[in-house]
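Asks: sequence below, structure please.
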Amino acid sequence: MLDLELLRSFVSVVDAGGFTRAGERVHRTQSTVSQQIKRLEDDVGQPLLNRNGKDVTPTEAGERLLSYARRLLSLAEEARDVVARPESEGAVRLGIPEDFAAYRLAKLLATFARSRPGLRLDVRADQSTYLKRDIERGDLDLALLKRDAGGNGAIAVWPEKVHWVTSKTHPVDINSGSVPLIGFPSGCLYRSRAIHALESTGRSWHMAYTSSGLAGIQAAVAAGLGLSILSDIAIQPGHRVLTAKDGFAPIDKTEIALMASPDASPATLRLADRLAEFCDSVEAKAA
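Replies: You can find the predicted model right below:
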């Protein structure tokens, strides 16, 4: 029989890319997690992880075990929830950025909702400015939001990679006059970052296209209406990333923060764990 706690630590190490961060996720010390991985390797009779300094990657055997481990952990959690949860678990009000809503997060949330039929999930995709405001005043139970790096009060944070983008087929002439910008309405972190970056280099700019929806911004960039800054997961095939060689240095010092209300329910904290695992896996793939 494979020990579920050992499997949980194994999955956390793979997703987090190392023992220290995995220990934080499973509430164990680094040495304890390392011992658990050794026990699991002894149980299966094969090395499961390649250790190269701080970098940790699964071996071929580890990759084979990983999918089974995820399924076993998911099934065990589902069984525990079915037995333990009350008929009604109330509601969880979740706020997420729109680019995450358009990515795989919708599938994760649907799976979570199906596994807990007694829970009402109320999800809102919005600008991070409003999500932060609403989590602070108690209008949301949980929020995944974008903010300047170095903030506090979050359950977990992940550095975010964002880039200047233009159209691949109709690129904007970046050396001719005022730079046309595409972005969300005033208050958006990306919009503020873009404006600050242009002004700090002495470039003039004007808003060429404003949209409250990510799809509108992506389409406007692809059509060649202007430049924008987008996260890795929001960049599409019709976009071309601009680099420092083009005169547009990367936008840095932003992060994704997971925040919960002080009186978060067990269901809210369980969803927070799922979101943290999702963000860990996205960061691991981008690394």
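
Asks: quick one: the helices in the stretch 1-150 of the chain?
Replies: Taking DSSP state H, counting those that start in this stretch as the test, the helices found in the stretch 1-150 of the chain are 4-16, 19-26, 30-44, 60-84, 98-101, 105-115, 128-136.

Asks: so what touches the fifth one?
Replies: Outside of helix 98-101, the residues that reach it under the criterion Cβ atoms under 8 Å, 6 or more residues apart in numbering are 123, 125-126, 144, 213-214, 230-231, 233-234. C-beta coordinates here come from the backbone N, C-alpha and C atoms, glycine included.

Asks: do the second one as well
Replies: Defining contact as Cβ under 8 Å, 6+ apart, one finds that helix 19-26 is touched by 8-9, 12-13, 15-16, 29-30, 32-34, 37, 56, 276-277, 280.

Asks: ok, which pair from those residues is furthest apart?
Replies: When Cβ to Cβ is used, the two most widely separated members of the contacts of helix 19-26 are 34 and 276, lying 21.0 Å apart.

Asks: narrow the contacts of helix 98-101 to those in strands?
Replies: For the contacts of helix 98-101, membership in strands holds for 123, 125, 144, 230-231, with DSSP state E as the criterion.

Asks: so what's residue 34 up against?
Replies: Shown in contact with residue 34 (Cβ under 8 Å, 6+ apart): residue 19.

Asks: how near is it to residue 23?
Replies: Noted for residue 34: a distance of 9 Å to residue 23, by Cβ to Cβ, to the nearest Å.

Asks: repeat that for residue 8.
Replies: According to Cβ to Cβ, residue 8 stands 12 Å off from residue 23.

Asks: re the thing from before, looking at the contacts of helix 98-101, which gets the smallest pLDDT?
Replies: On pLDDT alone, residue 233 ranks lowest of the contacts of helix 98-101, at 83.

Asks: how many neighbours does that one have?
Replies: Number of residues near residue 233 (other Cβ atoms under 10 Å) recorded here: 16.

Asks: I'm done for today, thanks for sticking with me.
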